[in-house]
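**Q** attaching a predicted model along with its sequence, questions to come.
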Amino acid sequence: MMSSMTTAADRKLTGLVAATFTPFSQEGEVNLSEIGPYIDYLVKKQGVKSIFVNGTTGESMSLTVEERKVLAEAWCREARGKLDQVIVHVGCFNLKDSQELARHAAEIGADGIAVIAPFFFKPKTADVLRAFLQGVAEAAQTLPFYYYHIPAITGVNVQVRDLIDGIEKVIPSFRGVKFSGSDLMDFGQCVRYSQPEWSILYGVDEQMLAALALGAHGAVGSTYNYIGCHVNQLILAFEKGDHVRARTIQFKMQELLSFAIKLGFDVGVNKQLMIDVSGLCLGPPRLPVTPSPPDNSQLIIRKYRSLFSEC
């Protein structure tokens, strides 16, 4: 992580952030030995310098609280001196576990925490959701705090624009949103009304270019684990005004993902694609997520190689 000369709260999170997969052994246990090589791969091969750990891609809801602590510690330890920022997702179904993980993230030197909306008993209004987030943020007041919006999974469809209205008054550490939803109007309004120190990050990889046009400060996604170098080229092309080049890369991403979706794209299939591209030993997903069928994996990696060359 970055030098202690600046605190985590002083740094704005921008650019690409890889939502990491959790390495497991073949027996389904957490495999910490692969985290160091994983980080080296992201930096050297993909040009990705920030990560979002223990999120959806990391199968957080299939992990125990203790496993999430052990993983967060390993990611932060191995990232030191190599990555810019490590954001630890601490959201759980209940407030107490989320607070425990938030306190732990502060103790181990994480650069920020993120929280998903609880989605067994769901908050029905922006006020209730804001109160839940406030309860978690208060357990780690020194860490930048991000709301993780992913309504397709949580079923919590509170407009983020409503949620962030005045949120800095109740959560002084609030620093932005991981917006993994397709409502670009809501996203655009979040960008428009964001504070200068906030980061509004987009999380639907196949629509990233549209989010950049609306002013996204960066992006968090699973595909940046294995096509991050190409997406960095997309961002650079966009910034230079080469929209044809940027669209070409975005269309390739869409072609890969639409092909994979027809074959049942999920975390298990996505994880296998990462293994095939990177050569890392990340193991199978944990039930109820199931491994990718070998035939499908071969088709998807073949499609990937037809679209993307090594950077």
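**A** All right, it came through fine. Numbering: from 1, shown residues only.
**Q** CA atoms for contacts and neighbours, from now on please.
**A** OK.
**Q** can you give me the helices in this protein?
**A** Secondary structure of the chain (DSSP state H): helices located at 35-41, 65-79, 95-107, 126-137, 151-154, 160-163, 167-170, 184-192, 208-213, 224-239, 243-262, 267-278, 294-307.
**Q** convert the C-alpha atoms of the second one to CSV, please.
**A** Right, helix 65-79. Output of helix 65-79 as CSV, limited to C-alpha atoms (Å, rounded to 0.1, in the frame of the first residue of the first chain):
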residue,chain,number,x,y,z
VAL,A,65,-16.1,-14.1,9.7
GLU,A,66,-12.8,-15.6,10.8
GLU,A,67,-11.9,-16.6,7.2
ARG,A,68,-12.7,-13.1,6.1
LYS,A,69,-10.3,-11.7,8.7
VAL,A,70,-7.5,-14.1,7.8
LEU,A,71,-7.9,-13.2,4.1
ALA,A,72,-8.1,-9.5,4.7
GLU,A,73,-4.9,-9.7,6.8
ALA,A,74,-3.1,-11.6,4.0
TRP,A,75,-4.2,-9.3,1.2
CYS,A,76,-3.1,-6.2,3.2
ARG,A,77,0.2,-7.8,4.2
GLU,A,78,1.1,-9.0,0.7
ALA,A,79,0.0,-5.7,-0.8
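**Q** same for it, what does it pack against?
**A** Packing partners of helix 65-79 (3 or more CA pairs under 8 Å, 6 or more residues apart in numbering; DSSP states H and E): helix 35-41, strand 85-89, helix 95-107.
**Q** picking that back up, residue 21 is nearest to which of the helices of the chain?
**A** helix 267-278 (6.7 Å; CA to CA).
**Q** restricting to C-alpha, output the closest one in CSV.
**A** Extracted in CSV, the C-alpha atoms of helix 267-278 (Å, rounded to 0.1, in the frame of the first residue of the first chain):
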residue,chain,number,x,y,z
VAL,A,267,-18.6,-16.6,-10.1
GLY,A,268,-17.5,-20.2,-10.7
VAL,A,269,-17.2,-19.8,-14.5
ASN,A,270,-15.5,-16.4,-14.0
LYS,A,271,-13.0,-17.9,-11.5
GLN,A,272,-12.1,-20.6,-14.0
LEU,A,273,-11.5,-18.0,-16.7
MET,A,274,-9.1,-16.2,-14.3
ILE,A,275,-7.3,-19.5,-13.6
ASP,A,276,-7.0,-20.3,-17.3
VAL,A,277,-5.7,-16.8,-18.2
SER,A,278,-3.4,-16.2,-15.2
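**Q** what does that helix rub up against?
**A** If you take CA atoms under 8 Å, 6 or more residues apart in numbering as the criterion, helix 267-278 is touched by 21, 41, 57, 59, 222, 225-226, 280-282, 284-285, 289-293, 297, 300-301.
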